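Asker: Got a predicted structure plus its sequence, pasted below:
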Amino acid sequence: MRFMVLMMALFAMLMGVELKWSSDYEAALAEAKKEKKDVYLFLGSEYCKYCEKFKEEVLVRKDVEAKLKKKYVLLYLSRDIDDIPAHLETKPVPRHYFLKSDGKIIYTTIGGRSLEGFEEMLADVDEAKKD
């Protein structure tokens, strides 16, 4: 029995981290408009080791998710699976978009981040909103 549980846990780890975020662009914009929030779109790929590392080390943290949810509707799109709006670039990944509820880009950047680097990025986004 322990062996089966261990194997299931190992299999889940190998499959990568699945974010429990919206994967519907239009629905995320509508929700952001309704809630008077912006959208944080994390754009990744099913085959990107840096995307998986960022998810595993930063985005799955409950404190990070709670902080993001205060200001943003959370959206994850995979360039391998999802339809990406034409005005958004899909290469390279990982890519971060902060969007108004009408889809206008507030801030964008690329690359995985450590927890500290992600906090710095959020501060940069706050500065960009002031402009």
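Answerer: Happy to help now that I have it. Numbers count the residues shown, from 1 in each chain.
Asker: partners of the residue nearest to the spatial centre of the chain in the sheet?
Answerer: With the centre of the chain defined as its mean C-alpha position, the nearest residue by Cα atoms, centre = their mean is Phe42, 2.9 Å away. When bridges are called by DSSP bridges, Phe42 pairs up with Tyr76, His96.
Asker: so what's it up against?
Answerer: With contact set as Cβ atoms under 8 Å, 6 or more residues apart in numbering, Phe42 has these partners: Leu19, Trp21, Phe54, Leu59, Leu74, Leu75, Tyr76, Leu77, Pro94, Arg95, His96. For glycine as for every other residue, the C-beta is placed from the backbone atoms N, C-alpha and C.
Asker: What distance do you get for it to Lys130?
Answerer: Going from Phe42 to Lys130 by Cβ to Cβ, to the nearest Å gives 23 Å.
Asker: so what's the closest residue to Cys48 other than its chain neighbours up against?
Answerer: In space, not counting the residues next to it along the chain, Cys48 is nearest to Val93; the distance is 5.1 Å by Cβ to Cβ, 6 or more residues apart in numbering. Contact analysis of Val93 by Cβ under 8 Å, 6+ apart lists Leu43, Gly44, Ser45, Cys48, Tyr50, Cys51, Arg79, Ile110.
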